[in-house]
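Chemist: give me a 3D structure for the following:
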Amino acid sequence: MQRLQVLTWHTHGSYLYYLSHAPHDFHVLSRPGRPPGYGGRCGHHPWGDNVHDLPAAEARARRFDCILFQDDQQWERDQYELLSPAQRALPRIYLEHDPPLAHPTETRHPVDDPNVLLVHVTPYNALMWNSGRTPTRVIEHGVAPPPGVTWQGDLPRGLVVSNNLARRGRRMGPDLLLAARRQLPLDLVGMAAHELDGLGEVEHAQLFGFAARYRFLFSPIRYSSLGLSVIEALMIGMPVVALATTEMATVIDNGVSGFSDTRLDVLCQHMQALLRDPALARAVGERGRQRARERFSIERFSRDWDAALRHVTDGPLHPVRHTHTGSPHETT
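Modeler: Below you'll find the model as predicted:
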């Protein structure tokens, strides 16, 4: 089948890397200096030949089959400043990475257009957003661990992976990390990790191997989409301890494939148990790995994105329903 030419933005580097596993060409907008959102083909990810750097000033002169928006600024400003009227009439997808932040249930999504497909990354996000008349679909994350990397857990410490954690407020849980760190040996990695006495940033290509030595991953996030770092940990057999909120409540079967609760003191007890008992950590991590591979395989993710892109480019949107997890869910 014909490869589609998709225009998009570098909003989340790891997500863009996994998205590029779909069998299409992605033209990623860049600006001089590569500011946030306009990085193009940049960073340390092993980009394939289907990811193309596209200076924003050249976008009007290119031919595309579909426009893939990934944040409000792109939708509200960039499409009018960077694209021609003919390009704005192309099939369009808006990829929503987050749950509603203004109000969890009453927030209207900024896209209100029956001719645009709104893609959510978790069923929870789709449930909470008021998407109005815009057709919606859920495409859950997919992750591709480097070959040969598996969890070892020989380092009796916990790991937190989060970018700019000190700047992002209670929603991302920096206070919970600090409280847990008073009781447990926890290391933080990510952009600006030093602001919370962390270790610094680890390149994505090295992160799997770096994390594999730690006994467990702790996610202190109160309210967000399902973080890729959690799925990446699960996929290599690393035990995960996380708050039982948002989509996480459906990913971890507490005490079976990980540990989840809404009480920090209980989570700290679970983390202490993992530090004391490597055999427990290995058993929990293996069950988490099996669940993750069933739900978050890169093959399923690639198929879902291929189906969504071909759906919007084949003609007018005709919403249908899908009911089982792991496949697109589309509603009016």
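Chemist: how many other residues sit next to Leu90?
Modeler: Burial of Leu90 is recorded as 16 neighbouring residues (other CB atoms under 10 Å). Just so you know, the C-beta spots here come from the backbone N, C-alpha and C atoms, and that holds for glycine as well.
Chemist: let me redo that: Glu195
Modeler: For Glu195, the neighbour count with other CB under 10 Å is 13.
Chemist: wait, doesn't it sit right on Ala166?
Modeler: Yes - under the criterion of CB atoms under 8 Å, Glu195 is in contact with Ala166, at a separation of 3.9 Å.
Chemist: tell me, what residue is most central in the protein?
Modeler: Note on the chain: the residue nearest the mean C-alpha position is Leu228, at 4.6 Å, using CA atoms, centre = their mean.
Chemist: give the contact list for that one.
Modeler: The contact partners of Leu228, by CB atoms under 8 Å, 6 or more residues apart in numbering, come to 14-15, 18, 141, 143.
Chemist: Arg293: what secondary structure?
Modeler: With DSSP: H, G, I helix; E, B strand; the rest coil as the basis, the three-state label of Arg293 is helix.
Chemist: how far away is it from Glu203?
Modeler: Applying CB to CB, to the nearest Å, the value for Arg293 to Glu203 is 24 Å.
Chemist: more neighbours: the two, which one.
Modeler: Neighbour tally, Arg293 and Glu203, criterion other CB under 10 Å: the higher count belongs to Arg293, 15 against 10.
Chemist: which non-adjacent residue is nearest that one?
Modeler: Excluding the flanking residues, the one nearest Arg293 by CB to CB, 6 or more residues apart in numbering is Met235, at 6.6 Å.
Chemist: likewise Glu106?
Modeler: Distance criterion CB to CB, 6+ apart; nearest residue to Glu106, sequence neighbours excluded, is Asn130 at 6.7 Å.
Chemist: just the C-alphas of whatever helix or strand Leu207 lives in, formatted as PDB.
Modeler: When elements are defined using DSSP states H and E, Leu207 is found to belong to helix 204-211. Included here for helix 204-211 are C-alpha records, laid out as PDB according to Å, rounded to 0.1, in the frame of the first residue of the first chain:
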ATOM      1  CA  HIS A 204      16.800   7.600  25.800                       C
ATOM      2  CA  ALA A 205      19.000   5.000  23.900                       C
ATOM      3  CA  GLN A 206      20.900   4.300  27.200                       C
ATOM      4  CA  LEU A 207      18.000   4.600  29.600                       C
ATOM      5  CA  PHE A 208      16.800   1.000  29.300                       C
ATOM      6  CA  GLY A 209      20.200  -0.400  30.200                       C
ATOM      7  CA  PHE A 210      20.700   2.200  32.900                       C
ATOM      8  CA  ALA A 211      17.400   1.500  34.500                       C
END
